[in-house]
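**Student:** What shape does this take:
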Amino acid sequence: MLVWLLTISFAWASVYVQCMPPLDVFGEAVTLTPSNFSLTSQGAWLVEFFSPYCPHCRNFAPTWRKVAENVDALRYDNEAPYTLARVNCYEWMDLCDEQNIEFFPDAKQYFDGQLDKADVLRLTGQDADKIEQFVKEQQQIYRSKKLGIRVSPAMTASVALDASPPTTTSTAVQAPAASQASSEKQNLKPLPSLTEFGIAPIETIEQLDAYVGPDVGQGPSFVKSAYTEAAAIMAGHVNPIAVNCLKYMDVCTKYNITGWPSLHLYHQGSKTEYPMHAKRTKELFLAFLRDQGVLYLVENVNATSLDRALAQQKYSVLYLMPGSESERIMIENVRMSVSSPMAFYASDDPAIAQLLMGGGPSLFVFQGAVSHLVANLPLSAVAGQSNDTAVTAIAQWLNLQAQPPVEELSASGLDSALSQAPGVVMTVLSSSSADLNEQLQQFTDFARTWRSSSDLSHKPFLFAWLDYDRYPELLLSRYRIHVSSTPTLLVLEGHSSTMYQPSTKGTWLEQSELLLWLDSVSQGQEHGQKFGTVLTRTWTSVRATGAPLVSSHPLLMLLVFLSLLLLFPRTRRMVLRWVPRSHASTKMV
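**Tutor:** Numbers count the residues shown, from 1 in each chain. Below you'll find the model as predicted:
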């Protein structure tokens with residue numbers, strides 16, 4: 001009983017200490033409250049909204065303090081004052097609700113009392129240098145608005161901490177001469193990846209006009225300021241270009257860009273704007289381009305061009321014998337959802353079907369060439385599923401094919417994997433064994449067979465091996481594995497601290513038997529046993545479920561903890577001894 005009491009006390013106290021706010025979270029800083037928030041009506045303000053009980057806020061505190069100290073001089077600029085301030089949302093919840101604060105930490109920029117930019121930290125990240133650069137650029141923009149001038153690239157690049165007013169104004173940008181545009185167009189090359197304006201080959205407005213000008217008929221170009229993942233997919237079909245409007249305001253003014261991030265498609269002299277209120281995700285960007293008829297996510301190939309196409313990317317997916325139009329759209333949605341770099345092709349060439357012995361519509365994954373077939377997924381595997389469910393399942397399956405089949409883990413790497421992966425299929429081998437390479441190859445083949453299976457109900461296990469010679473004490477104490485039992489196989493589930501082992505230990509089973517056993521584990525049909533000590537299992541459970549509760553309701557959790565302690569008779573007797581007796585006949589319980 002005493003061991004349990006100490007275990008619970010230690011676990012709760014550790015989590016509570018981690019979630020308690022420090023005495024000084026942000027140091028010296030301008031603090032805003034409901035009574036003085038009206039100060040933001042004068043000047044430019046970058047306001048951080050935080051909670052002292054938020055771990056992310058505490059981690060961000062030194063960064064915010066550093067930026068505040070570095071740009072403190074901007075507060076005293078008479079023409080364009082820029083101030084960093086903070087609001088404690090734990091104390092002033094109503095104020096934070098008025099400002100639509102949904103998470104911590106959050107930062108918003110105000111110009112003369114009006115919200116100018118929300119979610120600033122999503123633009124800059126929590127990097128001190130990027131936030132400081134953002135502040136300097138925004139202070140310059142605020143200055144230009146106050147003085148009624150336009151910010152030129154040179155002015156933006158030369159902002160100093162003293163924020164002295166500019167001495168010159170920028171001139172209007174003239175359209176390039178026809179001869180210049182024609183010359184640029186003749187040398188135009190497709191952009192291989194997202195290209196930022198100001199960097200070769202788009203360093204001047206004339207070069208930008210060559211891609212997006214009204215007289216250009218070379219094909220579509222897509223101007224964007226973020227989401228390089230979409231750019232990696234569209235490159236080769238659509239020229240992805242980015243213009244930093246904070247740095248090159250004259251360029252954005254010339255193209256009538258009034259707000260940013262703003263996404264525009266330039267095609268054959270016409271301009272189409274991405275819907276302003278639509279979500280900005282890789283999938284929706286690519287769907288927008290597809291709907292405009294300028295991006296084909298799945299290219300058609302035949303037997304002659306297949307090998308050449310597969311050689312262009314490390315991993316490629318071939319959609320063989322396409323079915324209905326809805327099925328093709330589903331595969332395009334899969335293409336947009338896959339996070340691993342993969343090229344997608346489609347073919348109904350009978351010669352390819354005969355070579356691959358394909359029947360109905362299927363997906364084939366190749367590694368560099370037709371001879372290196374990695375996996376095959378008949379689309380009948382998702383028959384009857386909704387489109388969204390099928391897209392998610394296929395994308396997850398494809399991502400697995402591009403991952404290394406087996407990883408070698410260290411002790412710390414294993415702990416990290418257990419906290420993230422749905423399960424770890426681990427083999428314990430001895431590096432001093434003469435059969436190590438053969439055993440690793442057998443395990444790798446087993447991992448590939450599991451991952452390439454067309455059964456999409458299989459869990460996406462992480463397959464890894466651990467060297468017994470490096471961690472004998474860990475393996476013996478936590479998993480009860482002795483060197484005499486190597487090689488051995490087990491499945492570990494970190495969230496439940498459960499370990500599964502096949503019935504026969506110390507020997508390799510036939511792969512077919514091993515796959516059946518692993519399928520039973522994946523379906524929850526096997527009975528496992530706990531691993532680790534009571535203390536480590538308790539701590540894992542508390543860390544996973546207790547931290548959010550403690551951080552959001554610390555006082556309530558303290559009362560719950562004290563109530564649990566009172567369930568123990570010895571604790572109740574100790575408490576009653578401390579309480580003054582009202583009469584002599586108090587009964588001990």
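
**Student:** my read: Arg335 touches Phe344, true?
**Tutor:** Yes - applying CB atoms under 8 Å, one finds Arg335 in contact with Phe344, separated by 4.7 Å. Every C-beta, even on glycine, is put in place using the N, C-alpha and C of the backbone.

**Student:** Overlap of the contact sets of these two?
**Tutor:** Residues touching both Arg335 and Phe344 (CB atoms under 8 Å, 6 or more residues apart in numbering) are Leu297, Val298, Val317.

**Student:** Next, format these as CSV and append pLDDT.
**Tutor:** Formatted as CSV, the entries for the shared contacts of Arg335 and Phe344 read as follows, by pLDDT from 0 to 100:
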residue, pLDDT
Leu297, 87
Val298, 92
Val317, 96
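
**Student:** and which of these is nearest to Ala464?
**Tutor:** Proximity of the shared contacts of Arg335 and Phe344 to Ala464 (CB to CB) peaks at Val317, which lies at 25.9 Å.

**Student:** you'd agree the closest one is in a strand?
**Tutor:** Yes - assignment of Val317 by DSSP: H, G, I helix; E, B strand; the rest coil places it within a strand.

**Student:** and it, how many neighbours?
**Tutor:** Val317 is surrounded by 28 other residues when neighbours are defined as other CB atoms under 10 Å.

**Student:** Would you mind putting the shared contacts of Arg335 and Phe344 into TSV with distance to Gln523 alongside?
**Tutor:** Output for the shared contacts of Arg335 and Phe344, formatted as TSV (distance: CB to CB, whole Å):
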residue	distance to Gln523
Leu297	34
Val298	33
Val317	28
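
**Student:** If we only consider these, which is nearest to Ser144?
**Tutor:** Leu297 (41.4 Å).

**Student:** For that closest one, what is the enclosing helix or strand?
**Tutor:** Counting by DSSP states H and E, no helix or strand carries Leu297.

**Student:** Verify the contact between it and Gly236 for me.
**Tutor:** No - Leu297 is beyond contact range of Gly236, at 11.6 Å (criterion: CB under 8 Å).

**Student:** So for these two, which residue has more residues nearby?
**Tutor:** More neighbours sit around Leu297 than around the other of Leu297 and Gly236, counting by other CB under 10 Å; the figures are 21 against 15.

**Student:** Please give me every residue in contact with the more buried one.
**Tutor:** When contacts are counted by CB under 8 Å, 6+ apart, Leu297 touches Ile233, Leu286, Arg290, Glu332, Arg335, Met336, Phe344.

**Student:** Let me know the closest of these to Leu147.
**Tutor:** The nearest one, if we look at the contacts of Leu297 relative to Leu147 and count by CB to CB, is Leu286, at 41.4 Å.

**Student:** Let's verify the residue lying closest to that closest one once chain neighbours are set aside: helix, strand, or coil?
**Tutor:** Once flanking residues are discounted, Leu286 sits nearest to Met336: 4.7 Å by CB to CB, 6 or more residues apart in numbering. Here Met336 takes the helix state, with states given by three-state DSSP.

**Student:** Could you measure from Met336 over to Glu229?
**Tutor:** From Met336 across to Glu229, the span is 10 Å (CB to CB, to the nearest Å).

**Student:** Of those two, which one has the most company?
**Tutor:** Neighbours per residue (other CB under 10 Å) separate Met336 from Glu229, with Met336 holding more: 21 against 17.

**Student:** Correct me if wrong: that one contacts Phe288.
**Tutor:** No - in this structure, Met336 is not within contact of Phe288 by CB under 8 Å, at 10.7 Å.

**Student:** What ranges in the stretch 451-589 of the chain fall below the confidence cut-off?
**Tutor:** Judged against pLDDT under 70, the low-scoring parts of the stretch 451-589 of the chain cover residues 504-509, 533-555, 557, 572, 578-589.

**Student:** Tell me where it has strands.
**Tutor:** Using DSSP state E, counting those that start in this stretch, the strands of the stretch 451-589 of the chain run over residues 462-467, 488-493, 498-500, 529-530.

**Student:** show me what contacts Arg191?
**Tutor:** For residue 191 the amino acid is Leu, not Arg. Contacts for Leu191 were tallied using CB under 8 Å, 6+ apart; they are Pro201, Tyr211, Ala235, Asn239, Pro240, Ile241.

**Student:** which residues touch stretch 408-422?
**Tutor:** Contacting residues not belonging to stretch 408-422 are listed as 424, 426, 459-462, 464-467, 470-471, 474, 492-494 [CB under 8 Å, 6+ apart].

**Student:** What of stretch 87-99?
**Tutor:** For stretch 87-99, with CB under 8 Å, 6+ apart as the criterion, the contacting residues are 31-34, 37, 47-53, 101, 104, 108, 115.

**Student:** If any of those residues are buried, put those into a ChimeraX selection.
**Tutor:** Only the buried members of the contacts of stretch 87-99 end up in this ChimeraX selection, burial being decided by 16 or more other CB atoms under 10 Å:
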select :32,37,47,48,49,50,51,52,53,101,104,108
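
**Student:** Least confident of the contacts of stretch 87-99?
**Tutor:** Across the set of those, Tyr53 stands lowest in pLDDT, at 80.

**Student:** What ranges does the stretch 251-400 of the chain have for its strands?
**Tutor:** According to DSSP E, counting those that start in this stretch, the stretch 251-400 of the chain carries its strands in the segments 264-267, 270-273, 299-300, 316-320, 343-347, 362-366, 373-378.

**Student:** Need those strands in TSV (columns: distance to Phe446).
**Tutor:** Putting these into TSV (distance: least, CB to CB, whole Å) gives the following:
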stretch	distance to Phe446
strand 264-267	48
strand 270-273	51
strand 299-300	34
strand 316-320	24
strand 343-347	28
strand 362-366	18
strand 373-378	15
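
**Student:** show me the contacts for the residue nearest the centre of the chain.
**Tutor:** Using CA atoms, centre = their mean, the residue of the chain that lies closest to the mean C-alpha position is Ser339, 10.5 Å off. The contact partners of Ser339, by CB under 8 Å, 6+ apart, come to Ala395, Asn399.

**Student:** can you rerun that using 7 Å?
**Tutor:** Asn399 (CB atoms under 7 Å, 6 or more residues apart in numbering).

**Student:** Likewise for Pro105?
**Tutor:** Taking CB under 7 Å, 6+ apart as the definition of contact, the neighbours of Pro105 are Glu48, Phe49, Phe50, Cys54, His56, Cys57, Phe60, Leu121.

**Student:** Where strands are concerned, which of the residues you listed count?
**Tutor:** Here DSSP state E is the test, and these give Glu48, Phe49, Phe50 as lying in strands.

**Student:** Quick check: beta-bridge partners of the second one?
**Tutor:** Here Phe49 sits in beta bridges with Val87, Asp106, as judged by DSSP bridges.

**Student:** wait, it sits on Phe103?
**Tutor:** No - because the distance of 9.1 Å does not satisfy CB atoms under 7 Å, Phe49 is recorded as not touching Phe103.
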